[in-house]
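K.L.:
I need the structure of the sequence given here:
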Amino acid sequence: MSKCTVSQTLATWCNVSSYFCQGEANGWFRVGREAMAVDIAFHCSMSFPLYVGTRLGPYCCFSPCHRTTFVHTCLRSRFSHKLSRGNRRSFITKNFVQELFLDVNHTCTDENMSQDSHSHETSQSVGLLEADSKVASEDNPAGQSDTEAGVLLALPTLQVQSIQEQEALAATPAHPEGLIALYTTFFSGNFIEQVWNFAWPSAIALLHNSLLPVAVISFVSKLVIFACGPWVGAKMDSLPRVFAFNTLSIVQTVAQLISAGAIIYALKKSPSLGSSTHSLLLQPWFLILVAMQAIERLTGLACGVAFERDWVVLLAGANRPIALADANAMLCRVDYLCEMTGTSLYGILLSMFSPITCLKIAAAIMIASLPIMIVLACCTNQLSKGVLERPKLSKVRELLESQSHSARTDGLEMLKRGWIQYLSQPALPVSLAAVFLFFNVALAPGSLMTSFLTQQGMNPSIIGAFSGIGALMGFGATFLSTTLVRKLGLLRSGAVGLVFQASLLAVAVLIYWSNSMRHLHSLQFFLAAIVLSRLGHFTYDIIGGQILQTAVHSSEANTVGTTEVSLASLAELVMLGVAIIANDVSHFGCLAALSLAAVVGATVAYYRWMSNTSALPTFDLSLND
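P.N.:
Predicted coordinates:
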């Protein structure tokens, strides 16, 4: 039989469509339109895109879901038609009949139909499947088994999950083996980082009796993070994940080793160093230390953002809120465990050996941990079946070739793109609320609070217990956040954390301004309110991070995360400047009021965002709503 021309086929399709529309009220519309479409398509041997039009054209006249199915299937038919040329025509024809039926059936099941019409539709669909199987078998070579028809009949069967099954799926990570490897990699990298964060300030304190050298190093590091954080995040988003992490780990380890070498050199040459602070700051080894510490902090924070905002989302599953909350809580527990074990281990070493020997031991641990981190990162990708891979090597190569004219221009463009992506994210108020919390430097365990309590004549053991209990609140928040997500959902859990923190800090400020701080009981209530407020702080820190994980696309996760860290560093710099200006202990009340205002501002910003997005199901990740 000769093939129909395109015009003849389109005319036939129009006639068939009008013919179907007239017969809709007679009840045989669904069976008749399918049988006639198949007959026209196969007897005329038309091309597959036109067959799709003939098959699904009548659907477009009645329902939006039919029109959506028609467009979706026509787009896919373009690719399948290319594959159907040659000897594979009969195979593609059969699969096309199956695929089209599944698309139409799946789309139409979402309509509001009565129970009787649903049963009538099911019986007619089975007859249609049998007719399609017979037509497909005519073009199929001999020898095909009858089991394919049975498989075809079973395909449209859909099962609806119960509430218990949905909760079980939401609590099951997508790649559990990859998550275990991720925890191990995070522990190996974070442990040595915590050891070094305790090692270098204690060594610098032996060289000078002033806090200025440590303050200068910290100030420069935060300034570099604020300036270069978005650029590093944009670079990470344009490179393969495992390659970017391994590169940052190597750079961080090299910076730590150079810093350790500079401090060891200073400790050996300490008798020849000048006693004044000015002469110490101008020493070449100190300038090298400042530069290396800035690089070490920048790369360390970038690695942490990659773990906490990107990798864990892919491994746990962005659409599995309970599993993602459990994974975030586990990462926080590993972080606190590294902080406790790392500092304790180095403190024990300092009590047994000299500072130079301890620095050499720390350097040996750095060298030994680097290959372990690289191997574990590769194992994480392999155990997760390559979910961390992204095909951007060709794009990166083209980017490097097109932008080789100026490294400075490239850096400015990457920095600009990082800030644009951060400011255009849908969950920007959530991130800004987290940044506001970094302005709270007075009503939190830290150097300012330690200095204030010392001026009040408090026992050093009580001050130490205050800091320790504050850290334990963070460990407890990892369990509390998971429970809140299960009971209240993600958005309301974040609001609970912020309200809890703001309320207790308001109580602490009222106690301070009541002029009763000279009494021991009032001071104890003041400290108890601050310690309990840390529970809300860490809870929001975990939940706010999960909101950003689910709201920010994975291709922008590192950029948004590093930009947020940059803003947090800026907040700390501002409060550090305020503390330098108001350095008298009598001004502590003003610092406390500013800290409370920052927390209240974070709460208001988050509540306004939550009220505006309550109607969006994208951010409503609760299972119990």
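K.L.:
make it CA atoms for all contacts and neighbour counts henceforth
P.N.:
OK.
K.L.:
so where's the stretch 501-625 of the chain shaky on pLDDT?
P.N.:
516-517, 576, 580, 582-585, 614-625 (pLDDT under 70).
K.L.:
In it, mark out all the helices, start to finish.
P.N.:
Along the stretch 501-625 of the chain, the stretches classed as helices by DSSP state H, counting those that start in this stretch are 520-551, 557-581, 588-612.
K.L.:
Distance to residue 363 and mean neighbour count for those helices - can I get that in a markdown table?
P.N.:
Formatted as a markdown table, the helices of the stretch 501-625 of the chain follow (distance: least, CA to CA, whole Å; neighbours: other CA atoms under 10 Å):
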| stretch | distance to residue 363 | mean neighbour count |
| --- | --- | --- |
| helix 520-551 | 32 | 22 |
| helix 557-581 | 27 | 22 |
| helix 588-612 | 38 | 19 |
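K.L.:
Let me know which of the ones you listed is the nearest to residue 248.
P.N.:
When the helices of the stretch 501-625 of the chain are ranked by proximity to residue 248, the top entry is helix 557-581, at 12.9 Å, counting by CA to CA.
K.L.:
Which strands and helices lie in contact with that closest one?
P.N.:
Using 3 or more CA pairs under 8 Å, 6 or more residues apart in numbering; DSSP states H and E as the contact test, the elements touching helix 557-581 are helix 212-237, helix 284-305, helix 407-423, helix 428-437.
K.L.:
Any chance of those helices in CSV with distance to residue 476, mean neighbour count and mean pLDDT as columns?
P.N.:
As requested, the helices and strands packed on helix 557-581 are arranged in CSV below (distance: least, CA to CA, whole Å; neighbours: other CA atoms under 10 Å; pLDDT from 0 to 100):
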stretch, distance to residue 476, mean neighbour count, mean pLDDT
helix 212-237, 28, 21, 84
helix 284-305, 21, 20, 92
helix 407-423, 30, 16, 71
helix 428-437, 19, 22, 92
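K.L.:
With distance to residue 346 as new columns, can the ones you listed be given to me in CSV?
P.N.:
Written out in CSV, the entries for these read as follows (distance: least, CA to CA, whole Å):
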stretch, distance to residue 346
helix 212-237, 19
helix 284-305, 19
helix 407-423, 37
helix 428-437, 30
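K.L.:
so which of those helices comes closest to residue 474?
P.N.:
Comparing these under CA to CA, the one sitting nearest is helix 428-437, at 14.7 Å.
K.L.:
Past the closest one, which element shows up next along the chain?
P.N.:
In the C-terminal direction, the helix or strand that comes right after helix 428-437 (DSSP states H and E) is helix 447-455.
K.L.:
Report the buried residues of the helix or strand hosting residue 499.
P.N.:
Taking DSSP H and E as the definition, residue 499 sits inside helix 490-513. Taking 16 or more other CA atoms under 10 Å as the basis for neighbour counts, the residues of helix 490-513 that come out buried are 490-506, 508-509, 511-512.
K.L.:
so where's the stretch 351-500 of the chain shaky on pLDDT?
P.N.:
Counting by pLDDT under 70, the stretch 351-500 of the chain contains low-confidence ranges at 390-411, 447.
K.L.:
before we move on, the earlier item: neighbouring contacts of the helix holding residue 499?
P.N.:
Defining contact as CA atoms under 8 Å, 6 or more residues apart in numbering, one finds that helix 490-513 is touched by 443, 481, 484-485, 517, 522, 525-527, 529-530, 532-537, 539-540, 543-544, 547, 589, 592-593, 596, 599-600, 602-603, 606-607, 610, 619-622.
K.L.:
and the angle for it with helix 520-551?
P.N.:
Direction vectors for helix 490-513 and helix 520-551, defined by axes from the mean of the first three to the mean of the last three CA atoms, to 10 degrees, enclose an angle of 160 degrees.
K.L.:
switch to numbering from 41
P.N.:
Let's use 41 as the start, then, which means that last one is helix 530-553.
K.L.:
what's the angle between helix 530-553 and helix 468-477?
P.N.:
Using the same axes, to 10 degrees, the interaxial angle of helix 530-553 with respect to helix 468-477 works out to 30 degrees.
K.L.:
Only C-alpha atoms, please: export helix 530-553 in PDB.
P.N.:
Listed next in PDB are the C-alpha coordinates belonging to helix 530-553 (Å, rounded to 0.1, in the frame of the first residue of the first chain):
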ATOM      1  CA  LEU A 530      10.200  22.200  58.400                       C
ATOM      2  CA  LEU A 531       9.000  25.800  58.300                       C
ATOM      3  CA  ARG A 532       7.300  25.800  61.700                       C
ATOM      4  CA  SER A 533      10.200  24.100  63.300                       C
ATOM      5  CA  GLY A 534      12.500  27.000  62.200                       C
ATOM      6  CA  ALA A 535      10.000  29.500  63.600                       C
ATOM      7  CA  VAL A 536       9.900  27.600  67.000                       C
ATOM      8  CA  GLY A 537      13.700  27.800  67.200                       C
ATOM      9  CA  LEU A 538      13.900  31.500  66.600                       C
ATOM     10  CA  VAL A 539      11.000  32.400  69.000                       C
ATOM     11  CA  PHE A 540      12.500  30.200  71.700                       C
ATOM     12  CA  GLN A 541      15.900  31.900  71.400                       C
ATOM     13  CA  ALA A 542      14.500  35.500  71.200                       C
ATOM     14  CA  SER A 543      12.200  34.900  74.200                       C
ATOM     15  CA  LEU A 544      15.000  33.600  76.500                       C
ATOM     16  CA  LEU A 545      17.400  36.400  75.400                       C
ATOM     17  CA  ALA A 546      14.800  38.900  76.200                       C
ATOM     18  CA  VAL A 547      14.500  37.500  79.700                       C
ATOM     19  CA  ALA A 548      18.300  37.700  80.000                       C
ATOM     20  CA  VAL A 549      18.400  41.300  79.000                       C
ATOM     21  CA  LEU A 550      15.600  42.200  81.400                       C
ATOM     22  CA  ILE A 551      17.600  40.500  84.200                       C
ATOM     23  CA  TYR A 552      20.600  42.600  83.300                       C
ATOM     24  CA  TRP A 553      18.800  45.900  83.100                       C
END
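K.L.:
Many thanks, we can stop here.
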